[in-house]
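**Q** Starting from these lines, generate the structure:
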Amino acid sequence: MLYTLNLLFFVFHTAWMVFNLVGWGWKRTRPFHLLTIGLTAFSWFVLGFWYGWGFCLCTQWHWEVRRRLGYLDTERSYVTLLIHSVTGLHVNETLSETVTGILFVLVAFLGIALSLRDRRHRVCPRRPTAP
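**A** Predicted coordinates:
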């Protein structure tokens with residue numbers, strides 16, 4: 001069961017991250033994107049206030065499963081674990097966390113800005129211009 005949970009965490013958490021990165025790109029997925037970005041921000045900053053900035057509940061659960069499986073993970077973040085697991089490379093954790101933070105702010109801004117634009121166009125649609 002733990003091996004299955006480990007695999008499911010890799011799939012789910014990676015899919016969550018990919019959706020956070022690209023979910024703003026389609027009008028239909030933007031509401032879900034705002035939800036996943038909001039939940040991620042809540043975990044990183046609200047729960048992070050008590051557990052450490054950047055705390056991720058999903059990472060915490062995954063780490064527990066991996067610990068029970070006997071893995072001795074030295075990575076502090078899921079991104080560095082994922083990079084190491086997929087490529088075998090050890091990346092600088094500070095660089096990884098910095099790039100992750102910058103990308104998060106960028107996609108959060110894009111998601112919010114495009115959602116506001118969509119809402120404005122829904123409330124006040126553009127009128128066709130006269131020839």
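
**Q** The residue most central in space within the chain: what's it in contact with?
**A** Centroid-nearest residue in the chain, with C-alpha atoms, centre = their mean: Met17, separated by 3.6 Å. By C-beta atoms under 8 Å, 6 or more residues apart in numbering, Met17 lies in contact with Tyr78, Val79. Every residue, glycine included, has its C-beta placed from N, CA and C.

**Q** So what does it have for phi and psi?
**A** When read as degrees, to the nearest 10, the backbone of Met17 gives phi -60, psi -40.

**Q** ok, it to Ile37 distance?
**A** 11 Å (C-beta to C-beta, to the nearest Å).

**Q** Same question for Leu21.
**A** Leu21 is 10 Å from Ile37, where distance means C-beta to C-beta.

**Q** Now for these two: what residues contact both?
**A** Between them, Leu21 and Ile37 share these contacting residues under C-beta under 8 Å, 6+ apart: Val107.

**Q** Does anything pack onto the top helix by length along the chain? Which helices or strands?
**A** Of all the segments of type helix in the chain, defined by DSSP state H, the longest one is helix 93-123. Identification of packing neighbours for helix 93-123 by 3 or more C-beta pairs under 8 Å, 6 or more residues apart in numbering; DSSP states H and E yields helix 2-22, helix 30-41, helix 78-87.
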